[in-house]
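S.K.: Next one to model:
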Amino acid sequence: MKYVSLLVVMLMVANAANAQYCDPSTENCPNAIISAVPFLRIVPDARSAAMGDGGLGISADANSMHLNASKLAFIDSDYGLSASYSPWLRSLGLQDVYLAYLAGYKKLGENQTLGASLRYFSLGELQFTDINGNSLGQGNPNEFEIAVAYARKLSTKFSAALTGKFIYSNLAGGQQIDNIDIVPATSGAVDISFTYQTPLDIGAGSTLRIASAFTNIGSKVSYTKSEFKDFIPGNLGLGAALEMDLDNYNQLTFLLDFNKLLVPTPISPEDPEYDENNNGYPDFREKPLFEGIFGSFTDAPGGFSEEISEINFSVGAEYWYNKQFAFRAGYFFESPNKGNRQFITAGLGLKYNVFGLNVSYLVPTSNQRSPLDNTLRFTLMFHFDEKKEPQATTN
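M.R.: As a prediction, the model looks like this:
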């Protein structure tokens, strides 16, 4: 059982964006971008997790629903399923906090594919208390996302996809703080993604994929009935992967991904633009959705250098032997002033007939601890092909 003050929960949920501010004149000052429902940005599957949380351009599977659904238009199998499990905060001894992810797809013909996924994040069982330690009851905070995607080839080498999402976050529903009712937060969002795939004359045969994805573009949320709401973690991802068939038994893939949150950068309370309308709420959090998204490319208080530092990157590699055994490794980097998440990853894959199993492991390389420190994550995969009816022949 974990005991936590309701006040602490609400400070984390409703006021997280006020937690860190940066005075641009201060050297190396932290100014991390913080949004609501950050569980949407957790990479759910062990394959991508083993390659530095990257994979916009790697070959398609059911988990393409998370990073880049447009790859599903190029998938070979007729339909497939995937189930992933990621323990959370196991280094603190917690056993009931986890992320579960289910995804699947069905080809609708040579040029189009339908995909769907369910993401569920459980925060375990909590005992809510007030600031004096008095019990306010128990709760089971949880969040989930339901997504449906349609992917289509626009040419033999280019595809696009549109994904619709429903997002639900219930962290302290039914509780009160300062006589304010706490309610679940809900949002609708879309992903728009693109993939360009072309063969290359390298080795026995190679493929280059270049991909981009706008994800979690959706309405702002609030955990109270206040008119003030927070951005969800919209993101722009750009990535590429080079897949090389060295011979009939050996295949090697390299990937490089860049990601940037499409969320306004916090500004210091001492800045004159912090609350120009004097309503007690930071103006950068009051921006309309698309003003905040487009403005996120130019709103950093530190100028261009700070904007560049808001881009994180992943590099990774995957080696397959005989298309049955895989070895993976990767590295993820985020600026020390923008969250300081830096870690190396590794993983294994096994594929036999229609069944696949992926495992990944994360080791931090900075002093910023990760909830996934030294944790194994698992994904089960199933890919199927419909049996074709034999065609009649005539003499």
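S.K.: Name the residues of stretch 254-274 that are buried.
M.R.: Neighbour-count burial for stretch 254-274 flags 254-268, 271 (criterion: 16 or more other Cβ atoms under 10 Å). All C-beta atoms are positioned from the backbone trio N, CA, C, and that covers glycine.
S.K.: closest to residue 305 among those residues?
M.R.: Nearest to residue 305 among these, counting by Cβ to Cβ, is residue 265 at 12.5 Å.
S.K.: What count of nearby residues applies to the closest residue to that closest one other than its chain neighbours?
M.R.: Nearest residue to residue 265 in three dimensions, chain neighbours excluded: residue 300, at 4.7 Å (Cβ to Cβ, 6 or more residues apart in numbering). By the measure other Cβ atoms under 10 Å, the count of residues near residue 300 is 23.
S.K.: Give the full set of residues in contact with residue 300.
M.R.: 31, 265, 306, 307, 310 (Cβ atoms under 8 Å, 6 or more residues apart in numbering).
S.K.: so which two of the residues you listed are the farthest from each other?
M.R.: Farthest apart among the contacts of residue 300 - using Cβ to Cβ - are 31 and 307, which lie 11.3 Å from each other.
S.K.: more crowded one of these two?
M.R.: residue 31 (25 against 16).
S.K.: which residues of the stretch 151-300 of the chain fall in helices?
M.R.: Using DSSP state H, counting those that start in this stretch, the helices found in the stretch 151-300 of the chain span residues 283-286, 289-295.
S.K.: With just CA atoms, put the helix or strand following the longest one into CSV.
M.R.: The C-terminal neighbour of helix 289-295 among helices and strands, as given by DSSP states H and E, is helix 304-309. Taking C-alpha atoms only, helix 304-309 is exported to CSV below (Å, rounded to 0.1, in the frame of the first residue of the first chain):
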residue,chain,number,x,y,z
PHE,A,304,17.3,29.6,-31.0
SER,A,305,19.8,27.7,-28.9
GLU,A,306,17.1,26.7,-26.4
GLU,A,307,14.7,25.7,-29.2
ILE,A,308,17.4,23.3,-30.5
SER,A,309,17.8,21.9,-27.1
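S.K.: and stretch 127-135, what's its mean pLDDT?
M.R.: Stretch 127-135 carries an average pLDDT of 74.
S.K.: Quick check: end-to-end length of that stretch?
M.R.: 7 Å (Cα to Cα, to the nearest Å).
S.K.: buried sites along it?
M.R.: Going by 16+ other Cβ under 10 Å, stretch 127-135 has these buried residues: 128, 129.
S.K.: Report the contact partners of residue 224.
M.R.: 14, 180, 181, 182, 183.
S.K.: and these, which two are the farthest apart?
M.R.: Checking the contacts of residue 224 with Cβ to Cβ, the most distant pair is 14 and 181, at 12.3 Å.
S.K.: Please identify which of the two sits among more neighbours.
M.R.: Comparing residue 14 with residue 181 by other Cβ under 10 Å, the one with more neighbours is residue 14, at 22 against 12.
S.K.: about what we covered before: what is the nearest of the contacts of residue 224 to residue 366?
M.R.: When these are compared against residue 366 (criterion: Cβ to Cβ), the nearest one is residue 14, at 28.0 Å.
S.K.: circling back to that earlier point, and the contacts of residue 224, which is closest to residue 213?
M.R.: Closest to residue 213, out of all of these and judged by Cβ to Cβ, is residue 14, at 28.9 Å.
S.K.: Skipping adjacent residues, who's closest to residue 71 in space?
M.R.: Counting by Cβ to Cβ, 6+ apart, the residue nearest residue 71 is residue 60, at 3.7 Å.
S.K.: Check which helix or strand that neighbour maps to.
M.R.: Residue 60 belongs to no helix or strand, assigned by DSSP H and E.
S.K.: Around it, how many other residues sit close by?
M.R.: 25.
S.K.: Now do the same contact list for the residue most central in space within the chain.
M.R.: Centroid-nearest residue in the chain, with Cα atoms, centre = their mean: residue 41, separated by 2.6 Å. By Cβ under 8 Å, 6+ apart, the contact list for residue 41 reads 216, 233, 235.
S.K.: didn't residue 310 look like it was pressed against residue 338?
M.R.: Yes: assessed by Cβ atoms under 8 Å, residue 310 is found in contact with residue 338 at 5.6 Å.
S.K.: Now the common contact residues for these two.
M.R.: With Cβ under 8 Å, 6+ apart as the test, residue 310 and residue 338 both reach residue 33.
S.K.: Show me what counts as buried in stretch 83-92.
M.R.: 83, 84, 86, 87, 88, 89, 90.
S.K.: what's the closest of the residues you listed to residue 367?
M.R.: residue 89 (17.4 Å).
S.K.: Please enumerate the strands of the stretch 201-350 of the chain.
M.R.: 205-218, 235-245, 250-261, 311-321, 325-333, 342-352 (DSSP state E, counting those that start in this stretch).
S.K.: Columns mean pLDDT on top of those, output as JSON lines?
M.R.: Listed next are the strands of the stretch 201-350 of the chain as JSON lines, based on pLDDT from 0 to 100:
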{"stretch": "strand 205-218", "mean pLDDT": "95"}
{"stretch": "strand 235-245", "mean pLDDT": "96"}
{"stretch": "strand 250-261", "mean pLDDT": "96"}
{"stretch": "strand 311-321", "mean pLDDT": "96"}
{"stretch": "strand 325-333", "mean pLDDT": "97"}
{"stretch": "strand 342-352", "mean pLDDT": "95"}
